[in-house]
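In: Sequence and computational prediction follow.
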Amino acid sequence: MKGVLTPIEMKAVDRNTEYNHIPTIVLMENAGSSIAGYIMNNFPDKKKISIYCGTGGNGGDGFVIARHLLNQGYKIHLFLLSKPENIKNKDSKTNWKSINLISKTDKNLKLSKITDSSQLNPDNSDIIIDAILGTGVNGRLREPISSAIDNINYSPAIVISVDVPSGLNPEDGVVYDKSVVAHTTLTLHKPKTGLKLADNKYVGNIEVLDIGIPLVSEEYTGVGDLLKLKTPSTSSHKGENGSVLIIGSNPDYIGAVIFAAEAAISRGVDLVFIVAPESSAKIIKQYNPEYIVKSIEGDVLNMDGYPIISELIDRVDSILIGSGAGLSSQTGELFNKIVTSTDKKIVIDADALKLVDKQNIIDSNTLVTPHTREFKEFFGCDLPDKRDDKIKLLEKLSKEYNTVILLKGVVDIVVSPDDYKLNSTGNQGMTVGGTGDLLAGLCVGISTRNTLYESAYISAFILGNAGDKLVEEYGFNYTSSDLLKII
Ligand SMILES: NC(=O)C1=CN([C@@H]2O[C@H](COP(=O)(O)OP(=O)(O)OC[C@H]3O[C@@H](n4cnc5c(N)ncnc54)[C@H](O)[C@@H]3O)[C@@H](O)[C@H]2O)[C@H](O)CC1
Ligand SMILES: [K+]
C-alpha cells in the first residue's frame, strides 16, 4: 500500500470506505475526536482555544473537535468563516447544527459567524486550530478566509492545522497564494503528497491520525476508484478524449477486436484505429462505421503492416495488441517489433502473451493481462498458491520487467512496480468467451487518460461489476454482448 496519497486517491479511499459500509460522518467523527485527543494529550494545560472553520469537510472536522474539547473543559471560540447556508458538505452541515445548538447552552463555547474580514480581531488564544481548508482547496483564497489566515499567522498561538495547512496545495505542496504556517499538521489516515513536497515552514511536524478507514478500502477496488477516471471534456475536439490503436484478429476470429474496440469506445475514447489482416478487415469495417480500419495483406498480421502501424502509433495515446491475433510466427515478429519501438502505453493481451518475448518489454510502458495459464507461459514460472506469495512474486516480476501485471482470477491481482490492488468483483459467469477482450478494451481505453496501473484495476472493477449486475438478472448464462451493454 502507498505511504502517501494524492488528494484524489484520498477521496477514492474515503468513498470506498462508504462503499464498505462505514458512513463518512463516522470518519469525520473519528477525525475530530482523534484531533481533540491529540490536543488533550499534548496541550493539557492550554485552556483557551480558537477554531477557524471553513465550509467543507475540513470545517466539519473543526465542529467535531470543538464538541470534544468542550467536554474536556477547554474554552472554545469557534469562527465560521462564512454564512452557515454556504456549508455544502452534508456531514459538516449535521455537525454545524449540533455545535450551533451547543453554543446556545454551553458558556465555554463562543461562536462567531465571520462574513467580512473587518469582523476579525487579533487572536490571543493559547492554541489556534486551522480547520479552514483541507484537500478541497482550489484557486485563490477568497475572503474572509484570506484575512483569517493572516490573522492566524500573526498570532503568537500554537497553530495546529487539520489535515493540511489551509492554503497549501494538498497535491504538490505549493503555496500559490498564501498558507497557514502550522506548528503541527495533524493529517488524517495518510499524509497527502503535498505535505511531503511542501516547504517544511508551513507544515511543521506532521502527525498521522488514524480515523478508522479499513485496509480493504485501499487494498481492494471500489466505486471510489471511478473518481480517478479523467472525464471526457465537453469542449473537446475529435481525438482529444483519447485515441487507441488495436492490432488483432485473424480469419478464424474477428470478434475479439470488436469486443475490445466497443469496450474502449464505451469509455469515451474518440478515435479507434484497428489494424487487421485483409480477410477480417472487411468484416470488422462493416460492424461499426466509427472504426478506422487498416488492412494488412495476407491471412495473418505480419511485418508488411509495420509501416502503417508505426504511422498510427504516432497518432494514438495507447495501443492494444493480441486480440484474436492467432499464433503465427510472422505475427510474433510484428508484435515484438512493436513493443520494442515505442514508448506509448501498450496493453499486451491474449495471443500476444504467447508471442511477445518478456525481455522485449523491459524498456517499454506495458500492461500484461494474463490469466493463470498465460502467466506461466509468459513469465515462465509457476504461481504460488497463497495470495500473499502470489503478490510478492508479481511485485518482483513487475519491477524486473517494468510492467503492470493484471493477473485475472476469482480475485484479480493488479501489480505495478510500486503498488498493488485486488479486485473481487465478477463471478464464474465471466469465463464466457470475449470477456478478456472486453477487459483489454477497457484497459486500453481508460489508459488514454489514466495510468496503465489505474486503467487495469478500474477496468477489472467495471467489468466484474457488470457481471455481478447480470447475474442478479440472468444467472450465470450471460454473454459478452450482454456485458458490453452494461459497461
Ligand atoms: N478520509 C478523510 O481524509 C476525511 C477527510 N475529511 C476532511 O474533509 C476534508 C476535505 O473536505 P472537502 O469538503 O472536500 O474540502 P475542504 O473542506 O478542504 O474545502 C472545501 C471547501 O472550501 C471552499 N474552498 C475551496 N477553495 C477555496 C478558496 N480558494 N477560497 C475560499 N474557499 C474555498 C469550498 O467552497 C468548500 O466549501 C479533508 O481535508 C479532511 O479535513 C473528513 O473529516 C472525513 C474523513
Ligand atoms: K486545514
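Out: Noted; the coordinates are in hand. From a predicted model like this one, the values you see are computed outputs, not experimental measurements. Ligands and ions are numbered 1, 2, ... in the order given.
In: average model confidence for stretch 25-35?
Out: What stretch 25-35 shows for mean pLDDT is 98.
In: Please apply the same query to stretch 193-204.
Out: 97.
In: Stretch 383-401 too?
Out: For stretch 383-401, the per-residue pLDDT averages 97.
In: And for stretch 430-448?
Out: pLDDT averaged over stretch 430-448 gives 94.
In: what comes up buried for it?
Out: Across stretch 430-448, burial judged by 16 or more other C-beta atoms under 10 Å covers 430, 432, 434-448. (Each C-beta comes from the backbone N, C-alpha and C, glycine too.)
In: from memory residue 299 sits against residue 250, does it?
Out: Yes: between residue 299 and residue 250 there is a contact under C-beta atoms under 8 Å: 7.2 Å.
In: which of the two has more neighbours?
Out: residue 250 (23 against 16; other C-beta atoms under 10 Å).
In: Test for you: state the pLDDT assigned to residue 232.
Out: 67.
In: Would you mind listing what in the chain touches ligand 1?
Out: Neighbours of ligand 1 within the chain, by C-beta under 6 Å from any ligand atom: 10, 14, 24, 27-28, 31, 54-61, 88-89, 133-142, 145, 162-164, 188-189, 211.
In: Buried ones among the residues you listed?
Out: Buried among these by 16+ other C-beta under 10 Å: 10, 14, 24, 27-28, 31, 54-61, 89, 133-137, 141, 145, 162-164, 188-189, 211.
In: just checking: which of these also lie near ligand 2?
Out: Residues of these in contact with ligand 2 (C-beta under 5 Å from the ion): 58, 162.
In: Just to be sure, which of the buried ones among the residues of the chain next to ligand 1 are found in helices?
Out: 10, 14, 24, 27-28, 31, 57-61, 145 (DSSP state H).
In: Quick one: those as JSON lines, columns for distance to residue 41 too.
Out: As requested, those are exported to JSON lines (distance: C-beta to C-beta, whole Å):
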{"residue": "10", "distance to residue 41": "25"}
{"residue": "14", "distance to residue 41": "26"}
{"residue": "24", "distance to residue 41": "26"}
{"residue": "27", "distance to residue 41": "21"}
{"residue": "28", "distance to residue 41": "21"}
{"residue": "31", "distance to residue 41": "16"}
{"residue": "57", "distance to residue 41": "24"}
{"residue": "58", "distance to residue 41": "22"}
{"residue": "59", "distance to residue 41": "24"}
{"residue": "60", "distance to residue 41": "22"}
{"residue": "61", "distance to residue 41": "18"}
{"residue": "145", "distance to residue 41": "29"}
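In: Looking at the residues you listed, which one is closest to ligand 2?
Out: Nearest to ligand 2 out of those is residue 58 (C-beta to the ion; 4.9 Å).
In: Hmm, the closest one is touching residue 136, no?
Out: Yes: assessed by C-beta under 8 Å, residue 58 is found in contact with residue 136 at 7.1 Å.
In: any residue of the helix or strand harbouring residue 52 up close to ligand 2?
Out: Following DSSP states H and E, one finds residue 52 within strand 48-53. No: applying C-beta under 5 Å from the ion, one finds strand 48-53 out of contact with ligand 2, separated by at least 8.6 Å.
In: Adjacent strands (with direction) for that strand?
Out: If you go by DSSP bridges, strand 48-53 pairs up with strand 75-80 (parallel), strand 127-131 (parallel).
In: neighbouring contacts of the shortest one?
Out: It stands for strand 127-131. Identification of contacts with strand 127-131 by C-beta atoms under 8 Å, 6 or more residues apart in numbering yields 35, 39, 43, 46, 48-54, 58-59, 61-63, 65, 152, 155, 157-162, 165-166, 180, 182.
In: Now list the buried members of these.
Out: Using 16+ other C-beta under 10 Å as the burial test, the contacts of strand 127-131 include 35, 39, 49-54, 58-59, 61-63, 65, 152, 157-162, 165-166, 180, 182 as buried.
In: Going by residue numbers, what spans are helices in the stretch 251-400 of the chain?
Out: Using DSSP state H, counting those that start in this stretch, the helices of the stretch 251-400 of the chain run over 255-266, 278-287, 306-315, 329-339, 352-355, 372-379, 387-400.
In: How about residues contacting the shortest one?
Out: Going back to what we said before, that points to helix 352-355. Residues contacting helix 352-355 (C-beta under 8 Å, 6+ apart): 321-322, 325, 327, 331-332, 335-336, 368-370, 374, 377-378.
In: between those, which is closest to residue 110?
Out: residue 369 (59.9 Å; C-beta to C-beta).
In: Hmm, residue 456 and that closest one touching each other?
Out: Yes: using C-beta under 8 Å, residue 369 makes contact with residue 456 at a distance of 7.3 Å.
In: which of those two has more neighbours?
Out: residue 456 (31 against 28).
In: sec struct for that one, please.
Out: Secondary structure, DSSP: H, G, I helix; E, B strand; the rest coil: residue 456 is helix.
In: who's in contact with it?
Out: 367, 369, 404, 406, 414, 443.
In: What is the burial count for the spatially closest residue to it that is not a sequence neighbour?
Out: Sequence neighbours aside, residue 406 is the residue nearest to residue 456 in space, at 4.3 Å (criterion: C-beta to C-beta, 6 or more residues apart in numbering). The tally of other residues near residue 406 (other C-beta under 10 Å) stands at 29.
In: What lies in contact with the host helix or strand of residue 406?
Out: Assigned by DSSP H and E, residue 406 falls within strand 403-407. The contact list for strand 403-407 (C-beta under 8 Å, 6+ apart) reads 361, 364, 366-372, 375, 383, 390, 394, 397-398, 412-416, 439, 443, 452-453, 456-457, 459-460.
In: just to revisit the earlier point, would you mind finding the most buried of the strands paired with strand 48-53?
Out: Across these, averaging neighbours per residue (mean count of other C-beta atoms under 10 Å) puts strand 127-131 on top, at a mean of 28.
In: Need the CA coordinates for that one. PDB is fine.
Out: Output of strand 127-131 as PDB, limited to C-alpha atoms (Å, rounded to 0.1, in the frame of the first residue of the first chain):
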ATOM      1  CA  ILE A 127      -3.900  27.400  20.600                       C
ATOM      2  CA  ILE A 128      -5.400  28.000  17.200                       C
ATOM      3  CA  ILE A 129      -6.900  25.100  15.300                       C
ATOM      4  CA  ASP A 130      -6.900  25.600  11.500                       C
ATOM      5  CA  ALA A 131      -9.900  23.700  10.100                       C
END
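In: Report the mean per-residue pLDDT for it.
Out: On average, strand 127-131 scores 98.
In: again with stretch 343-350
Out: Rounded mean pLDDT across stretch 343-350 is 97.
In: So which bits of it are buried?
Out: Using 16+ other C-beta under 10 Å as the burial criterion, the residues of stretch 343-350 that qualify are 344-350.
In: ok, those vs residue 103, which is closest?
Out: For these, the nearest to residue 103 is residue 345 (54.7 Å; C-beta to C-beta).
In: any idea how far the closest one is from residue 245?
Out: Going from residue 345 to residue 245 by C-beta to C-beta, to the nearest Å gives 11 Å.
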